[in-house]
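Novice: Here is a sequence with its predicted model. Questions after.
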Amino acid sequence: MAINTEKLGIVLQNFVTATSDVQGAALVTPDGLPLAASLPGGMDEERVSAMSAAMLSLGERIGQELARGGVDRIYVEGDKGYGILTSCGEDAVLLVLADQKAKQGVLMLEIKRAVAEIKLILN
Amino acid sequence: MVLDPHDFMAKMADRISFTSEDRALLKSSASWGAEIAPDMADRFYSFLGRDEEMNAILNASEGRIHRLRETFVDWFAEMFTGMEDDWGTSYADRRWRIGLIHVRIGIGPQHVVPAMAVVVQAVGERLRAEGKSAALQDSLSKICMIDLAFIEQAYVEVTAAAVLKETGWTEGLFRRLITSGAGTM
């Protein structure tokens, strides 16, 4: 069955608009191709997608090498906010961008919900 | 991403028009090739050794330069014989291995290409001095360029394959990163 990209786009858009302090999100393939994105203006969707896939994959390799088990998420904390990468199964990676005011507990819970919804669409 | 040595060899032979006449000519001079191989090895490593960084690499471990020189002598002589399968799978596999060794010890194209030019020039001098035919020089130039392309392509392929292995990236992702990275340069 074909992937409903329109539905994926709506899920991402809703996630970005409805979650406090989230600035953008993108769903990409393990090859770094964009599936759906709602990113802040000025961000190159193609580059963001490639970097997101690269980072999650590298994180998973690091997890293996350092005997940390399966990687749930990759977390980048900068002085202007967060970038969080979460695997959505074998076919996709979710990137979420949030500002520094974001409440991490709420953010993780919202990401978990979004991932569950995305997985349903992908499967 | 890792290339098939045999396919690559066939493609290069076709691209450079390495014909059955070239092969026959080289085979007929195989003993001469084996005779001058040690001299060519000396010239190759003497050139490389003049570079401080390369000299350190060549002598980084006990006996390395000796082993490399032996490999060169064999490699050079094999250009005339095509090994046991007429420039086929064994020949291609061996060129692949040479590229792999170059990656492992850090002999990059920037060193190999000029050193190979020195060898080509030295071979040309020997051919002329010993009254060998221009046709033999052409055939030797062809196989030498095939081997050089092979060794350097193997260098690129092995380097990329090593990055993929260590990062877990897919080939598509790796190519995308290269394209997007190159686009920003």
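Specialist: Looks like it arrived, so ask away.
Novice: Spell out which helix or strand contains the residue in chain B positioned nearest to chain A, please.
Specialist: Here the residue of chain B nearest chain A is B:G172; by C-beta to the nearest C-beta that distance is 3.7 Å. C-betas here are computed from N, CA, C, even on glycine. Per DSSP states H and E: B:G172 is located in helix B:171-183.
Novice: Which secondary structure elements does that helix sit against?
Specialist: Judged by 3 or more C-beta pairs under 8 Å, 6 or more residues apart in numbering or on different chains; DSSP states H and E, helix B:171-183 is in contact with helix A:45-65, helix B:134-167.
Novice: okay, those helices in JSON lines with mean pLDDT, distance to A:T19 and mean neighbour count next?
Specialist: Output for the helices and strands packed on helix B:171-183, formatted as JSON lines (pLDDT from 0 to 100; distance: least, C-beta to C-beta, whole Å; neighbours: other C-beta atoms under 10 Å in any protein chain shown):
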{"stretch": "helix A:45-65", "mean pLDDT": "92", "distance to A:T19": "18", "mean neighbour count": "19"}
{"stretch": "helix B:134-167", "mean pLDDT": "90", "distance to A:T19": "31", "mean neighbour count": "18"}
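Novice: Mind listing residues that contact stretch A:46-55?
Specialist: A:26, A:28-34, A:37, A:39, A:74, A:76, A:85, A:93, A:95, B:167, B:169-170, B:173, B:176-177, B:180 (C-beta atoms under 8 Å, 6 or more residues apart in numbering or on different chains).
Novice: circling back to that earlier point, surely the residue of chain B closest to chain A and A:D31 touch.
Specialist: Yes. Between B:G172 and A:D31 there is a contact at 3.7 Å, judged by C-beta atoms under 8 Å.
Novice: got the contact list for A:V106?
Specialist: Residues in contact with A:V106 (C-beta under 8 Å, 6+ apart) are A:19-20.
Novice: any idea how far A:V115 is from it?
Specialist: 15 Å (C-beta to C-beta, to the nearest Å).
Novice: same question, A:E77
Specialist: 20 Å.
Novice: which stretches of the chain form helices?
Specialist: Picking chain A for this. A:5-18, A:45-65, A:104-122 (DSSP state H).
Novice: actually chain B
Specialist: Using DSSP H, helices in chain B cover B:5-15, B:20-28, B:30-49, B:52-58, B:64-81, B:89-105, B:109-129, B:134-167, B:171-183.
Novice: The fourth one - contacts with which helices or strands?
Specialist: Here helix B:52-58 is seen to pack against helix B:30-49, helix B:64-81 when contacts are counted using 3+ C-beta pairs under 8 Å, 6+ apart.
Novice: now the ones you listed in a markdown table, with distance to chain A and mean pLDDT?
Specialist: Converted to a markdown table, the helices and strands packed on helix B:52-58 look like this (distance: least, C-beta to the nearest C-beta, whole Å; pLDDT from 0 to 100):
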| stretch | distance to chain A | mean pLDDT |
| --- | --- | --- |
| helix B:30-49 | 35 | 96 |
| helix B:64-81 | 29 | 95 |
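Novice: For the helix holding B:G172, the averaged confidence score.
Specialist: Mean per-residue pLDDT for helix B:171-183: 88.
Novice: which of the residues in it are buried?
Specialist: B:173-177, B:180 (16 or more other C-beta atoms under 10 Å in any protein chain shown).
Novice: Equivalent analysis for stretch A:63-80, please.
Specialist: Using 16+ other C-beta under 10 Å as the test for burial, stretch A:63-80 gives A:71, A:73-74.
Novice: so who does residue 13 touch?
Specialist: Assuming you mean chain A. For A:Q13, the contact set (C-beta under 8 Å, 6+ apart) comprises A:S38.
Novice: The chain in question should be chain B.
Specialist: B:87, B:146.
Novice: Quick check: B:Y45 vs B:I107, distance?
Specialist: For B:Y45, the distance to B:I107 equals 11 Å [C-beta to C-beta].
Novice: And these two? Which one has more around it.
Specialist: Neighbour totals were compared for B:Y45 and B:I107, and B:I107 leads with 21 against 18 (other C-beta atoms under 10 Å in any protein chain shown).
Novice: So the residue nearest to the more buried one when sequence neighbours are not counted versus B:D51, what's the distance?
Specialist: Using C-beta to C-beta, 6 or more residues apart in numbering or on different chains and skipping residues adjacent in sequence, the residue nearest B:I107 is B:I57, 6.5 Å away. Noted for B:I57: a distance of 9 Å to B:D51, by C-beta to C-beta.
Novice: What's the local residue count around B:H102?
Specialist: Residues lying near B:H102 (other C-beta under 10 Å) number 21.
Novice: how far away is it from B:V118?
Specialist: Distance, B:H102 to B:V118, using C-beta to C-beta: 17 Å.
Novice: A:V48 too?
Specialist: 47 Å.
Novice: What is the neighbour count of the residue in chain A that chain B sits nearest to?
Specialist: Nearest residue of chain A to chain B: A:D31, at 3.7 Å (C-beta to the nearest C-beta). A:D31: 16 surrounding residues under other C-beta under 10 Å.
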